[in-house]
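> below: sequence and its predicted model.
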Amino acid sequence: MNRFLRVIELIIFNSRWLLVPFLLGMIVGLAAVLYTFIVKLIELIVQLRVVVLDEVIVSVLKLVDLSLIGNLIVIVICASYENFVAPIDPKEHPNWPGGLIGIGFAGLKQKLLGSIVAIVAVNVLDWFMDIDRSADNVKLTWVVGTLLAFAVAMVILAWADRLSTASENKGS
């Protein structure tokens with residue numbers, strides 16, 4: 001029976017390698033975001049002489065949005081690989097950014113939620129830049145409510161993580 005349990009444990013533990021295709025798929029998604037970014041940037045440059053300032057600002061906000069999405073994808077790829085597939089030794093990779101190595105689950109949650117709040121904030125700014133054409137109190141309420149909900153969720157998550165860390169440190 002002990003040998004049977006060892007085989008089951010080995011299968012379960014090695015199943016983490018099934019995450020690798022997902023991570024590779026996210027890299028393909030990152031390339032798609034890069035392609036979209038380049039297309040939007042070229043459109044902005046081509047239309048720069050005839051576009052009004054408000055439209056330039058909206059276009060730049062869309063580029064910022066795509067950049068934040070790209071950052072989010074990279075964070076998820078690196079943290080998922082390190083936490084679930086194989087550890088990364090920072091000593092072997094001294095030039096790698098510290099923000100991508102050693103992200104625990106709590107840190108990943110914070111970074112994910114922070115990125116999502118930033119993305120939503122950029123979209124809210126984009127919507128506000130176009131408020132003259134699309135003034136709608138119901139939509140305004142939903143947009144601001146969504147932003148506030150994400151911001152409150154981020155604060156609650158940070159508070160919960162801080163309490164959890166404090167109780168772990170107190171116990172040891």
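Sure thing, it's come through.
> tell me the centre residue of the protein?
The centroid of the chain falls nearest to Leu72 when counting by CA atoms, centre = their mean (2.5 Å).
> that residue touches Gly114, doesn't it?
No. Using CB atoms under 8 Å, Leu72 is not in contact with Gly114, being 9.3 Å away. Any C-beta I mention is one placed from the backbone N, CA and C, and that applies to glycine too.
> count the residues that sit near Ile124.
I think there's a mix-up here, since residue 124 is Val and not Ile. 16 (other CB atoms under 10 Å).
> do Ile73 as well
When neighbours are counted by other CB under 10 Å, Ile73 comes out with 19.
> and what of Ile119?
Burial of Ile119 is recorded as 19 neighbouring residues (other CB under 10 Å).
> what of the one 4 residues further on?
With neighbours defined by other CB under 10 Å, the count for Asn123 comes to 16.
> sketch out the low-pLDDT regions of this structure for me.
Low-confidence segments of the chain, defined by pLDDT under 70, are located at 130-135, 167-169, 171-172.
> next, find the distance separating Lys170 from Asp161.
Going from Lys170 to Asp161 by CB to CB, to the nearest Å gives 15 Å.
> equivalent analysis for Ser115, please.
16 Å.
> can you check Thr146 too?
In terms of CB to CB, Thr146 sits 23 Å off from Asp161.
> for the protein, just list every one of the helices.
With DSSP state H as the criterion, the chain has helices at 2-14, 20-47, 53-80, 105-129, 137-171.
> the longest one - contacts with which helices or strands?
Packing contacts for helix 137-171, counted by 3 or more CB pairs under 8 Å, 6 or more residues apart in numbering; DSSP states H and E, involve helix 105-129.
> re earlier: who has more neighbours out of Thr146 and Asp161?
In this view Thr146 and Asp161 are compared by other CB under 10 Å, and Asp161 has more residues nearby, 16 against 13.
> thought that one was touching Phe105?
No. Asp161 is beyond contact range of Phe105, at 9.5 Å (criterion: CB under 8 Å).
> what sits closest to Leu30 if chain neighbours are left out?
Nearest non-adjacent residue to Leu30, counting by CB to CB, 6 or more residues apart in numbering: Ile73, 4.7 Å away.
> how about that neighbour, what does it touch?
26, 29-30, 33 (CB atoms under 8 Å, 6 or more residues apart in numbering).
> how close does it get to Val46?
Distance from Ile73 to Val46, by CB to CB: 27 Å.
> same check, this time on Gln110
In terms of CB to CB, Gln110 sits 39 Å off from Val46.
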